[in-house]
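Asks: Predicted model follows, preceded by the sequence.
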Amino acid sequence: MEKKQPRTHAVLLASPGMGHLKPMLELGKRLVKHHDLEITLFIVTNDGGDGASGSKSEILKSSDEFLHIHLVSPPQQDVMASALEWSLIRKLVMTMRACVPVVRAAISSMPVAPSAIIVDLFGTDFWDMADELRMLKFAFMTTSALYLAAFISVPYLVDKLSQKEYEELRTIDIPNCKTVAYEDVFGLANRDDPDHVFARPMATNFINADGVLVNTWHDLEPNTVSSLGDGRLLGKLYPIGPLTEQAAEKKLSTEDNGGAIAILEWLDKQPGGSVLYVSFGSGWSLTGQQTHELALGLESSKQRFIWVSRPPTDEVSEYFFSGGDGSGALDYLPDGFVARTKGVGLVVPMWAPQAQILAHASIGGFLTHCGWNSTLESVTNGVPMIAWPLYGDQFVIAAILTEDLEVAIRPAARTSSGGGGAVGREEIRELVVKLMEGGEGNPLRARAKALRGTADRVLEEQKTGSAKDSLHQFAAALRSGPKRPSKLRRLFVCCRN
């Protein structure tokens, strides 16, 4: 009897944070379901390795039937304990570096050696390990193609500019791409900042990958995808998006998701397109003053809303590593707010089933922090947005949504990462009313619906295994084995002050 050949095996590696984990999970599931690959997913955590946060546990339950999942915690706990005062980017880089020996040992003991490793932005320190184990190296940018283009361009600019030119630098111009504000490039905007030392290798390592995956599709970012795909900036580019959780594929049980079901039942009672969904993602929070202003702005708009709210903090990334867990008390909201808005508004502590909410017919808008996962979930459901960026790549994403795609509006104080100050209740009221009123005649809504159509076409191609689909091409590359690119690549970027 002929021995059955083992399936092609690849390793995915997700750094801490739901924004990195969710697209990795979706990528793994689709490679298994649609391309019959064997996928092992390493999830790096700093929560003791139990993956216990509510939102994380929820999505892991829906994935373990497809993937071999390993939770990995940094073994050097004494080192990580000293990281309390570190910036977010430094914590992420050092956490990943500490996990290299653990992941190497696990891969070395696998019965079927993986042919490739796919890492996100913070995982390129695993390149040396991949070379040792003769694995292909793929970098997965879980945010927009435009941010990828800007991020990999910065090291070239820093080397090229004099000190005076650097001090006057305001924008990054990449051929055929949208101009990006230099201060919006997370971790690299100040070459005198210690974070620059950690972020720079990530940018240069992307250039040295055997291929780069990005969670986008051509119709969403046509100019940028074409520019990055010409072979001068990067190796082979695979625009494999949209990788988002599909609401129709997720079943909610009363036993595990009583709160989620109650939210959806509340939505069932609301008129179509009448509810604004408000969420700043699983890892982010607002200050006390901003939380207060947001509450009063929502109330005065007199629009229906669901608000996923977290206790305020002065540190915007307070909940990044916890995955959004915490107290469900709402005593930080303005006195009487919950009672006054009862029936019109629903305040949900900490977490809600976002994919199901955005897919619901009663949702007419989304006030979002512009995390790329949230952005794509909104786009794939045809929901227009209020763009309220808080950190990192979110300011670049907000610019794409408001200026290029024109499916969002944004507060004046959130136009760049250098901006500051709270958004006042009156401006919030005006933005909410502008987004929610006008029904199907609202031009924001019409453009959002059209954009959804482009996503639907790509998702159908992914399901049918179309040869022109980038995910199909990537799966073929995994099966073909190592083929190292030999040509040198140069960055063609310029800057303006």
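Replies: Cool, the structure landed. Keep in mind the model is a prediction, meaning the values are calculated, not measured.

Asks: so where is the protein shaky, pLDDT-wise?
Replies: The chain contains residues with pLDDT under 70 at 1-4, 46-65, 76-85, 186-192, 247-258, 315-328, 414-420, 439-441, 465-467, 482-497.

Asks: Show me the longest helix that occurs in it.
Replies: Counting residues, the longest helix found in the chain (DSSP state H) is helix 443-464.

Asks: which strands and helices sit next to it?
Replies: Secondary-structure packing of helix 443-464 (3 or more Cβ pairs under 8 Å, 6 or more residues apart in numbering; DSSP states H and E): helix 18-35, helix 372-379. All C-beta spots, glycine's among them, are computed from the backbone N, C-alpha and C.

Asks: Buried ones in the longest one, by neighbour count?
Replies: In this case it means helix 18-35. By 16 or more other Cβ atoms under 10 Å, the buried positions in helix 18-35 come out as 18-32, 34-35.

Asks: Tell me which helix or strand comes right after that helix.
Replies: strand 38-44 (DSSP states H and E).

Asks: With the shortest one instead?
Replies: Scanning forward in sequence from helix 372-379 by DSSP H and E, the next helix or strand is strand 385-387.

Asks: can you give me how far that next one is from the chain middle?
Replies: 16 Å (Cα atoms, centre = their mean, to the nearest Å).

Asks: and that strand, what other elements does it pack with?
Replies: strand 363-368, strand 408-409, helix 425-436.

Asks: Just want the angle from the first one to helix 425-436.
Replies: In terms of direction (axes from the mean of the first three to the mean of the last three Cα atoms, to 10 degrees), strand 363-368 departs from helix 425-436 by 140 degrees.

Asks: list the buried ones in the helix or strand containing Leu471?
Replies: Following DSSP H and E, one finds Leu471 within helix 470-480. Across helix 470-480, burial judged by 16+ other Cβ under 10 Å covers Ser470, Leu471, His472, Phe474, Ala475, Ala477, Leu478.

Asks: elements contacting that helix?
Replies: Checking 3+ Cβ pairs under 8 Å, 6+ apart, helix 470-480 ends up next to helix 18-35, strand 136-141, strand 211-214, strand 236-239.

Asks: For my notes, please list those in TSV and give distance to Val180 for each entry.
Replies: Below are these laid out as TSV (distance: least, Cβ to Cβ, whole Å):
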stretch	distance to Val180
helix 18-35	19
strand 136-141	14
strand 211-214	15
strand 236-239	18
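
Asks: Out of those, which gets nearest to Lys269?
Replies: helix 18-35 (29.0 Å; Cβ to Cβ).

Asks: so that closest one versus helix 470-480, what angle?
Replies: Using the same axes, to 10 degrees: helix 18-35 against helix 470-480 is 70 degrees.

Asks: Can you spell out which helices and strands pack onto helix 18-35?
Replies: With contacts taken as 3+ Cβ pairs under 8 Å, 6+ apart, helix 18-35 sits against strand 9-14, strand 38-44, helix 54-61, strand 136-141, helix 372-379, helix 443-464, helix 470-480.

Asks: if we compare these, which one ends up closest to Gly211?
Replies: Using Cβ to Cβ, the helices and strands packed on helix 18-35 put strand 136-141 closest to Gly211, at 5.0 Å.

Asks: Convert the C-alpha atoms of the closest one to CSV, please.
Replies: C-alpha atoms of strand 136-141 as CSV (Å, rounded to 0.1, in the frame of the first residue of the first chain):
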residue,chain,number,x,y,z
LEU,A,136,11.2,29.9,4.2
LYS,A,137,10.7,33.3,5.9
PHE,A,138,7.5,35.2,5.3
ALA,A,139,6.6,38.5,7.0
PHE,A,140,2.9,39.2,7.6
MET,A,141,1.9,42.9,7.9
